[in-house]
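Asks: below is the sequence, then the predicted model.
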Amino acid sequence: MDAGYNSVANAIVNSAQEGFMFNDGQALARLFVFDEQTVGILGTKLAGIDDFGAYTVLITDPIFEQFTTKYLGYVRDSQLSRPEESHSNLCRVAELFTALMTASQGNWLIPVLRPLALALCRSAQATHQATRDPAAFAQTASVLLRILIDLLSDSSTPLAQSKKQGSLFVAGLLLRISLRTNAAPGAYASKALEVKALSSSPAFSARDRVSYSYWLGRYYLVCYYVDLARTHLQYAFDSCPEWHYHNKRAILRHLIAANMIRGRLPAQDLLVRYDMEPVYSHLCLHFRKGNLVGFQQTLIDNMEFFRSQGNYLILLERTEILIYRNALWRASCILANSERGKTMSYRDILATFRVSSQNYDMDYYEMESILASLISQKFVLGYMFHHQKLLNLSKKSPFPPISSVGLVHKA
């Protein structure tokens, strides 16, 4: 070798060639690392090498040679490049790895896929924070989509030995990224939803099933498939081990939002056990009391927190009619023992809605439209008498439980 010989590059290439020859995915996963700290250390040791082709020429497989060369270049430049350039290099590494997986047989490359796919998501997040350009998310989603298509195309072997072993993990990441893109989530998530049929298989690890259910639940919540969101988020919460305290808290934040839209509020001891933010207790209190202005003001005061969770607009838009229902129910309880019985005057209903919303400019027409919406969605059972300005409530269960009302669509 010449004076520019680099022992680290030579050792990586020789070990990579050996691992590739023996289909040793675990050995390759120890060589092709993607965590930021290790990449930074390796980058300093590979600095000064202009052409990695002088080292990778020893690799017999042409696709694996291209992948190794691009990976070494990515590591060398990772600390010197701008975030968007480093991310583009990593995406190119992932594209070459996809071609390598396509040409290989079996699932022995899955140990390399996992850290690579996760690094793609973290790199996209870092690039977005530095540039405020969501293009990195779309680029990552496109790469993950191609990887997932390749994984799902392997149907020649049993699930436990096929490339599909990595599909649940990649599908979860694809759902995660699709929620951050400007494009419609369905453009990327439709393929990830195909994996749902496989998710119950014991061939997948519990970690992959929980992670996929969490991101699937969040996707359904954004799409307003609230009952499906509740089902998957509840599974993720129940299946997540107790010692993953922070993960359970993250799941619970979205599970509370999904349940609240269906009229199910968390118990106080649950909020205390997981040290949930006080804002959730305040929201539950206002929701129960039918205090719309208090609920919405609490959301506004904590807007950045709920926006970071992706739940701000969901809670703001989907709870208003439910809080009016609770306010009307409380008013009906107060009037239950009066001589009017199950009949409420428009004047009382208007006063109730005005107090709940603190909108004292609300007129009878606006009040009547809210009331009509409550009845049409079956949150309130009764009849409106426009000319008499009366609401006649059903004698039996005029306010059915919100959770029993078939409001949401099913996928």
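Replies: Looks like it arrived, so ask away. Residues are numbered from 1 along each chain as shown.
Asks: how about N311, nearest residue that isn't a chain neighbour?
Replies: Residue nearest to N311 in three dimensions, not counting chain neighbours: A257, with 4.5 Å by CB to CB, 6 or more residues apart in numbering. Every residue, glycine included, has its C-beta placed from N, CA and C.
Asks: that neighbour contacts Y220, correct?
Replies: No - contact between A257 and Y220 fails when scored by CB atoms under 8 Å: they sit 11.8 Å apart.
Asks: run through who's touching the helix or strand where A236 lies.
Replies: Take DSSP states H and E as the rule and A236 turns out to sit in helix 226-239. Residues from elsewhere that reach helix 226-239, judged by CB atoms under 8 Å, 6 or more residues apart in numbering: 206, 209-211, 213-214, 216-218, 220-221, 248, 251-252, 254-255, 258-259, 261-262, 318, 407-408, 410-411.
Asks: kindly tell me how buried the nearest residue to S178 once chain neighbours are set aside is, as a neighbour count.
Replies: Taking CB to CB, 6+ apart, and ignoring the residues beside it in sequence, S178 has Y188 as its nearest neighbour in space, at 4.0 Å. When neighbours are counted by other CB atoms under 10 Å, Y188 registers 23.
Asks: can I take it that Y188 is in a strand?
Replies: No - Y188 is assigned helix when assessed by DSSP: H, G, I helix; E, B strand; the rest coil, not a strand.
Asks: residue contacts, it?
Replies: The contact partners of Y188, by CB under 8 Å, 6+ apart, come to A141, S142, L144, L145, L174, I177, S178, T181.
Asks: still on that earlier bit, give me the buried subset of the contacts of helix 226-239.
Replies: Among the contacts of helix 226-239, those classed as buried by neighbour count (16 or more other CB atoms under 10 Å) are 209-211, 213-214, 216-218, 220-221, 248, 251-252, 254-255, 258-259, 261-262, 318, 407-408.
Asks: got a list of what the residue nearest to N311 touches?
Replies: By CB under 8 Å, 6+ apart, the contact set of A257 is L221, Q309, N311, I314, L315.
Asks: which residues in the stretch 301-411 of the chain form helices?
Replies: Using DSSP state H, counting those that start in this stretch, the helices of the stretch 301-411 of the chain run over residues 303-309, 312-318, 320-335, 346-357, 364-376.
Asks: and G48, which of those is closest to it?
Replies: Among the helices of the stretch 301-411 of the chain, the nearest to G48 by CB to CB is helix 303-309 (41.5 Å).
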